[in-house]
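In: One predicted model, sequence on top.
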Amino acid sequence: MNNIKIICLAICISLIWGSSFPISKMAIEKIGVWPFRFYAALTSVVVLILLALIAFKRKFHFYGLIMCIPLGFLNVFLVTLLNNIALGYTDSAKASVLIYTMPAMTTVIMMIAHKRITLNSIVVSLSCLTGVFIFTSLNHFGLGEMIILLSASMWALGTFLAEKIPTQLDLLSKVMYQNIVSFFLILLITLFISSNLDIFDYQQDPLHYIKDVYFPILFIGIAGGVIVFVLWFYMIEQGGAELSSYAVLVAPIISVGLSHYFLDEVISFTMLIGMVLILLSMLISFIGKTR
């Protein structure tokens with residue numbers, strides 16, 4: 001994959017993921033984590049089935065579904081759920097930056113798996129982690145921040161496995177099966193918890209409810225659950241897990257800007273320094289991998 005394609009994919013993915021945290025938080029504040037996660041996942045599955053099985057007439061592959069279970073559990077179910085839960089305990093700006101410790105964690109996993117330590121990987125990891133911790137300030141660490149770090153580690157593992165697990169599926173089918181696995185787990189858990197899934201009995205202005213609830217569900221379900229994963233796995237296939245993980249580090253910058261504008265979250269000077277270090281880690285990684 002040439003540099004221009006990597007940059008274009010990274011920009012598209014970053015725009016979607018960068019806007020996902022503030023948009024998700026808008027709905028979570030209104031209806032709660034579980035109803036939001038349930039309907040966003042349902043939207044993703046319905047859209048993917050319509051596209052894969054009906055529009056593109058893909059055949060069902062049971063073996064492919066089985067091989068997608070670990071990726072569906074990590075990448076689509078667990079990471080997304082942990083992110084949504086964390087938004088109930090921390091700002092979307094902090095969450096969107098902390099999740100991007102993932103590239104540094106991916107680098108560590110790659111070094112362990114390949115039994116090879118490079119100076120470039122060490123510099124990139126240190127720059128990324130330093131930027132993240134300057135941005136968030138260690139004295140403001142709480143439950144939300146810890147949940148996001150757990151999510152980042154699961155995402156790193158899922159990114160590594162996405163490159164290693166041979167599914168022999170096209171990208172659309174791979175994303176569909178992972179979302180089916182995720183929604184099955186959500187549906188299974190829903191049967192055993194008491195959660196009000198009624199999002200249609202609203203008490204406020206319908207236009208505001210559409211903007212704050214229905215739009216986020218559709219955006220995360222379609223853009224965040226379908227489009228972004230197709231682009232993400234394509235970039236992993238073409239550019240590798242480690243480079244792909246760093247190529248989307250511009251996403252938290254977008255997320256911070258949206259959080260400041262729409263949610264009135266404060267952006268300090270130390271946050272800006274942290275973001276610069278994060279972008280620097282992406283630039284070092286990109287230059288090192290494309291030489």
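Out: Nice, I can see it.
In: quick one: average confidence on the one helix or strand residue 106 maps to?
Out: Of the helices and strands defined by DSSP states H and E, residue 106 is found in helix 102-114. The pLDDT scores in helix 102-114 average 77.
In: name the helices or strands packed onto that helix?
Out: helix 119-136, helix 143-164, helix 241-247, helix 269-290 (3 or more Cβ pairs under 8 Å, 6 or more residues apart in numbering; DSSP states H and E). Heads up, the C-betas are built off the backbone N, CA and C, glycines and all.
In: just how off-centre is it within its chain?
Out: Averaging C-alpha positions (Cα atoms, centre = their mean, to the nearest Å) puts helix 102-114 18 Å from its chain's average.
In: Lowest mean pLDDT among the helices and strands, pick that one out for the protein.
Out: helix 241-247 (a mean of 60; mean pLDDT, DSSP states H and E).
In: Check which element follows that helix along the chain.
Out: Following helix 241-247 in sequence order, the next helix or strand is helix 251-263 (DSSP H and E).
In: what sits up against that next one?
Out: Contacts to helix 251-263, defined as Cβ atoms under 8 Å, 6 or more residues apart in numbering, come from residues 13-15, 17-23, 25-26, 91-93, 96-97, 99-100, 265-267, 271, 275, 278-279.
In: list the buried ones in that helix?
Out: Buried residues in helix 251-263, counted by 16 or more other Cβ atoms under 10 Å: 251-256, 258-260, 263.
In: do stretch 150-163 as well
Out: By neighbour count on 16+ other Cβ under 10 Å, the buried set for stretch 150-163 is 151-160, 162-163.
In: from the residues you listed, which is closest to residue 30?
Out: residue 151 (22.1 Å; Cβ to Cβ).
In: And that closest one, how close does it get to residue 196?
Out: Remark: distance between residue 151 and residue 196 (Cβ to Cβ, to the nearest Å) = 25 Å.
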